[in-house]
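> Provided below are the primary sequence and the corresponding predicted coordinates.
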Amino acid sequence: MKKVLLSGNEAIARGTYEAGALVACAYPGTPSTEILENITQYKEIDASWAPNEKVALEVGIGACFGGARALVTMKHVGVNVAADPLFTLAYTGVRGGLVLVTADDPELHSSQNEQDNRNFAKFAKVPMLEPADSQEALEYTKLAFEISEKFDTPVMLRSTTRISHSKSAVVLGKRPSEIPQPKLERNPAKLVMLPGNARKRHLIVEQRTLDLEEWGCSQPFNTIEKGDGKIGVITSGVSYQYVKETLPDADVLKLGMVYPLPKQLIRDFAAKYDTLYVIEELDPFIEEQVRAMGIEVIGKDKLSICGELTPGRIKFQLFGEEAPAEDTSEELPPRPPNMCPGCPHRGVFYELKKAKAFVTGDIGCYTLGFMPPLSAMDTCICMGASVGMATGMTKVLSEEEQRKVVAVIGDSTFLHTGVNGLMDMVYNKSKATLIILDNRITAMTGRQENPTSGYQLNEMEAPRVDMEQLCRAVGVKHVTILDPYDLEMTGKVIRAEMARPEVSVIITTKPCMLVPRDNQNPRPPLFVDHDKCTGCRACLQIGCPAITFDVENKKAIVDKIICTGCKVCQQTCGFDAFQECGE
Amino acid sequence: MSDVKNILLAGVGGQGILLASEVLSEVVLMAGLDVKKNEIHGMSQRGGSVVSHVRYGKKVFSSIIPEGDVDILFSFELLEACRYLPLMRKNGRVIANNWQISPPSVARGVQAYPEKLPEKICEMYPESLIVDGLELALAAGNPKTVNTVLLGALSNKLEFKKEMWLEALEKMIPARLLDVNLNAFESGCQVC
Ligand SMILES: Cc1ncc(C[n+]2csc(CCOP(=O)(O)OP(=O)(O)O)c2C)c(N)n1
Ligand code: SF4
Ligand code: SF4
C-alpha cells in the first residue's frame, strides 16, 4: 500500500475528510493552524476561520445539530475561550458527530502557558483521544467522529506540538461516497438546556462516562505491548514514542483514549508488576487517577511537570543518566524572533518607548515589541487582555500615571476578544488610550485571513470590518487613523491621545509586509551613506533586522536584499545618512 | 543497538531548512524506510533559530533525536551549527554552510559573533565538511539555491541513490526553478 508523509495536522485534516465531515471551523493558533489550512484542499468541506474559538465551536455545534459531522480546531488556550459552549454541549450531546481538536504546546514553543488540556476532558466530561503519530492522527480523527455519534457526545482529540508538526508515513483511506443531506429536526428536551432539561441530561452524561470507561477496556486503541515482563509502563500520545525509545523492553499499556480511563484494563495490567511507571507529559493526569484507584506508581515524583518530555529527559529524570542539551551558554548570541524588516508595528513601539508609555500588551507579532531594543511592552496575558487591563489600571492610578497607560492590540486580537473590553472602557469611562495595529491579517500564526482582511480562508473575497466605525459605534469619540511609518506624526498623536482625559483610539492602517496582495508596489531599499554616518547608533534603536552595525568601521549597514524601503530608520538618523538606492 | 540514523538540520528562519528536510524525508520514504521528521516553527518564522529532526531506519519511534545521538548535524549557518554541537554523537559529522548571519545582539554591536567556528567544528569533528554554499549557488545560477547545494553535499554522505534525490527534487520544486536547482544539487555533490 502506498504511503505518504503527513504531519499530524495534515493527517487530522485527511481524517476529517475521510470521516465525511461537511464543516470545519477554527480560530488559528500554533500548533493547530495547519489543520484548517489543509482542509481547504477538500472542496467537499466548508472550512472557515471564525473570529474566536467560542464562535468556531458554536458554528461547529450548529452544523452538528443540523445533522452534519463537524470539526473544530484550536490551540490549547483556545479551549479556555470555547469552554462555555463546550461544557453545556457535553450535556446536549450531538446529532452529527462533533470533534474538537485541542493542540497543546508543552515546552511553550509558541504560547503563553503550557496548560494540559487533558484536564478539560475530565472537567467537561467528554471523551478524549490522543494519537501518537500521524497514522493514528488520521485514524483517531475518524474514530472520534464514530464515538461522538455512538455515545452521543462531543469528542476531544488532543494533539501536541510534536504530533501536529511531525511528519510520518500514513496510508490513506477513502471518503464515503454518499453523505445524506442534513435536515432540521426539533428536539427541545435534548437541545434546550434550561434547568429542567439539563438536570435530566446530566444523569445521562454521568452514565455515558461509565459506559465509555467500560467500552474502552475492550477497544484496540487501548493496547498492551509485551516486553520482557519486568516493568510495566502506562503511557499515551507522544510520550509512548519516547517510552519505546528509552525502555524498549518494558511492557507498555498504551492508552489511545486518555479520558475516561479504562479502569479494569489498568487494574489487570498493574497487578502484574512490582514496578509500574506512568510516563506522561505535563500534569499527572493519568497518574492521579491511577493512584486514586489505589495503585502505586512512579511518575511525577521523578518526571517534571514542566516542559515537554524527550528521550534524554526521561533517561535523566527517571534513571539519573546524564543527557546533553543544546548549548545555551552566554558566548553564543541567542537568535530570538524579530519583527520583519519594514513591519508596520515597529515605529509605534519606538514612539511608545520615547513617550514613556506603560503598555498593556496583547498577543501577536507586535508582542515582539517587548524585545530589545524596542522594549516597549509591559504586560501580556492572553488575547484581548490589553484592553480590560488598561481600564483596570486607570481605576487605581493617580491622574498623572493614568495618562501613561496605553493598550496595544492587533486587528485579529481586537475582534477576537478586545472589542468587549473597549465597550467596557467607554461604558465605565476609563481614561486609557487604545492603539489598534490593523495590518489586516492574523500575522503571528502565519497570516490567516480575518474579518478585517477582505478575504476568507479560501481567499474568496469578503466584506471588511470598518474598524473606525466599529469603535465609534461603541461610543468612542476620539478615533485617529495613523500612518505608523511617519514617526513624527506617530509620536505626536500618541502623546496627544495619552494626555486626553477620555477614552481614545488610534488605528494604524498599514498592511503586514508578508502579504503579497497588500504589497503590490515595492519601494526601493535604502543604503547608508558612509560619508554622512557618524556611527552614533541611533538607527539601531528600532531593531530592524536589515540594519547591522559594522563595529570595526563604526558605520551602519543596510542589507538591501531584505530592506523594504519603509524609511523608518531614515527618520531616526540625525545626519541624513539613509538614502534610497537608485536603479 | 538501533539502526536508526539521525540528522539534525539547523539554521535561520527563511533559509529553506524546512524544504531541505522535506526533500530528505521524501528520499528516505522512496527508499522504503521508516522516517519521522519533526520541526519547530511558529515564532521561528521571524528570523529566529529553526531546527528540524529527521530520523530514519527500519522502525522509528521518537521523532525527536535522542540527545547525544545526532549522526549528522546539517547546518545552514555557523552559529546555529555551534548551538547544537553538544547533541552530537562522539564520531558524528557536521556538514555546515560557510555562512554567518548576525543575530540581533550582534547586529546592534552589543555582542560579538564567535570567531573561527569552521576551525572549531573541524577540530571537534574531524569528518566535518564546511561548504561554500553561496559561492556554489551563484555559480549554479541562483543565490537562492544554497539549500539545494547543501543537500547535494549531504547526499554524498548518505546511502541513497542519486536518482532518488533527483526524483524528490523534481517532485518538490516548482518546474520553473527546477533546472537551476538541479545544477545547484550537482555542484553540491562535487564537494568533498
Ligand atoms: C485564545 C488564543 N487563541 C489563539 C492564539 C494564537 N495567536 C497568538 S497571536 C494571534 C493573532 C495575532 O493577530 P493580530 O492580533 O492581528 O496581530 P498580528 O500578529 O497580525 O500583528 C493568535 C491567533 C492565542 N495565543 N490565544
Ligand atoms: S509577519 Fe507582518 S506583522 Fe508580523 S512581524 Fe512580519 S511584517 Fe510585522
Ligand atoms: S528602510 Fe530602514 S527600517 Fe525600513 S526595512 Fe529598510 S533598513 Fe529597515
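Arrived safely. Residues are numbered from 1 along each chain as shown, chains lettered A, B, ... in the order given. Ligands and ions are numbered 1, 2, ... in the order given.
> So for the residue of chain B found nearest ligand 2, what pLDDT did the model give?
With distances taken as CB to the nearest ligand atom, chain B approaches ligand 2 most closely at B:R46, which sits 5.6 Å away. Yep, even glycine has a C-beta here, placed from its N, CA and C like the rest. According to the predicted model, the pLDDT of B:R46 comes to 77.
> Give the residue farthest from the middle of chain B.
B:V110 (28.9 Å; CA atoms, centre = their mean).
> My guess is A:K244 contacts B:F61. True?
Yes: look at A:K244 against B:F61 with CB atoms under 8 Å: they come within range, at 4.0 Å.
> For chain B, which segments count as strands?
B:5-12, B:34-40, B:49-57, B:70-75, B:88-97, B:129-131 (DSSP state E).
> by contact count, what packs against the fourth one?
What it means is strand B:70-75. strand B:5-12, helix B:78-84, strand B:88-97, helix B:146-156 (3 or more CB pairs under 8 Å, 6 or more residues apart in numbering or on different chains; DSSP states H and E).
> possible to save the ones you listed as CSV with mean neighbour count and mean pLDDT?
Output for the helices and strands packed on strand B:70-75, formatted as CSV (neighbours: other CB atoms under 10 Å in any protein chain shown; pLDDT from 0 to 100):
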stretch, mean neighbour count, mean pLDDT
strand B:5-12, 25, 97
helix B:78-84, 24, 97
strand B:88-97, 20, 97
helix B:146-156, 26, 97
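> export those to a markdown table and tack on distance to A:S111?
Shown next, in a markdown table, are the helices and strands packed on strand B:70-75 (distance: least, CB to CB, whole Å):
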| stretch | distance to A:S111 |
| --- | --- |
| strand B:5-12 | 22 |
| helix B:78-84 | 22 |
| strand B:88-97 | 29 |
| helix B:146-156 | 29 |
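> Could you report the separation of the residue most central in space within chain B from ligand 1?
Central residue of chain B (CA atoms, centre = their mean): B:F74, 3.4 Å from the mean position. Noted for B:F74: a distance of 31 Å to ligand 1, by CB to the nearest ligand atom, to the nearest Å.
> Around ligand 3, pick out the residues from chain A.
Proximity of chain A to ligand 3, by CB under 6 Å from any ligand atom, involves residues A:341-342, A:525-526, A:542, A:544, A:546-547, A:558, A:563-569.
> What about these, which are in strands?
Helix and strand membership here follows DSSP E; of these, those in strands are A:526, A:547, A:558.
> which one among the residues you listed gets closest to ligand 1?
Using CB to the nearest ligand atom, A:I547 is the member of those that lies nearest ligand 1, at 21.1 Å.
> What sits closest to A:I163 if chain neighbours are left out?
Nearest residue to A:I163 in three dimensions, chain neighbours excluded: A:G8, at 4.1 Å (CB to CB, 6 or more residues apart in numbering or on different chains).
> Phi, psi for the one you found please.
Reported as degrees, to the nearest 10, the phi and psi values for A:G8 are phi -60, psi -40.
> Can you give me the pLDDT of it?
With respect to pLDDT, A:G8 has a value of 98.
> Ligand 3 versus A:R162, what's the distance?
If you measure A:R162 against ligand 3 using CB to the nearest ligand atom, the figure is 35 Å.
> these two touch, right, that residue and B:N38?
Yes: under the criterion of CB under 8 Å, A:R162 makes contact with B:N38 at 6.2 Å.
> Any chance you could list residues touching both of these two?
Taking CB atoms under 8 Å, 6 or more residues apart in numbering or on different chains as the contact criterion, the residues that touch both A:R162 and B:N38 are B:63-64.
> Specify which residue of those two has the higher count of neighbours.
Between A:R162 and B:N38, counted using other CB atoms under 10 Å in any protein chain shown, the more crowded position is A:R162 (32 against 23).
> need the longest helix for chain B.
Longest helix in chain B by number of residues, with DSSP state H as the criterion: helix B:175-190.
> coming back round to it: which ones among the ones in strands among the residues of chain A next to ligand 3 come in contact with chain B?
Contacts with chain B within those, counted by CB under 8 Å from any CB of the partner chain: A:I547.
> Columns neighbour count on top of the ones in strands among the residues of chain A next to ligand 3, output as TSV?
Shown next, in TSV, are those (neighbours: other CB atoms under 10 Å in any protein chain shown):
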residue	neighbour count
A:L526	24
A:I547	24
A:V558	22
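> and which of the ones in strands among the residues of chain A next to ligand 3 is nearest B:I17?
Checking those against B:I17 with CB to CB, the nearest one is A:I547 at 24.2 Å.
> ok, that closest one to ligand 2 distance?
Counting by CB to the nearest ligand atom, the gap from A:I547 to ligand 2 is 15 Å.
> where does chain B have low pLDDT?
Within chain B, the set of residues satisfying pLDDT under 70 comprises B:1, B:42-45.
> try it again with 50
Applying pLDDT under 50 to chain B picks out residues B:1.
> Show me what from chain B comes close to ligand 2.
B:R46.
> By proximity to ligand 3, which residue of chain B wins?
When scored by CB to the nearest ligand atom, chain B has B:A107 as its residue closest to ligand 3, at 11.1 Å.
> what's the neighbour count on that residue?
Other residues near B:A107 number 24, with proximity taken as other CB under 10 Å.
> Same question for A:G66.
Here the number of neighbours of A:G66 (other CB under 10 Å) works out to 16.
> try the one 4 residues further on
Counted with other CB under 10 Å, residues neighbouring A:A70 total 30.
> Check the one 3 residues further on too.
Here the number of neighbours of A:T73 (other CB under 10 Å) works out to 33.
> So it is in contact with A:A82, correct?
No: between A:T73 and A:A82 there is no contact under CB under 8 Å: 10.5 Å.
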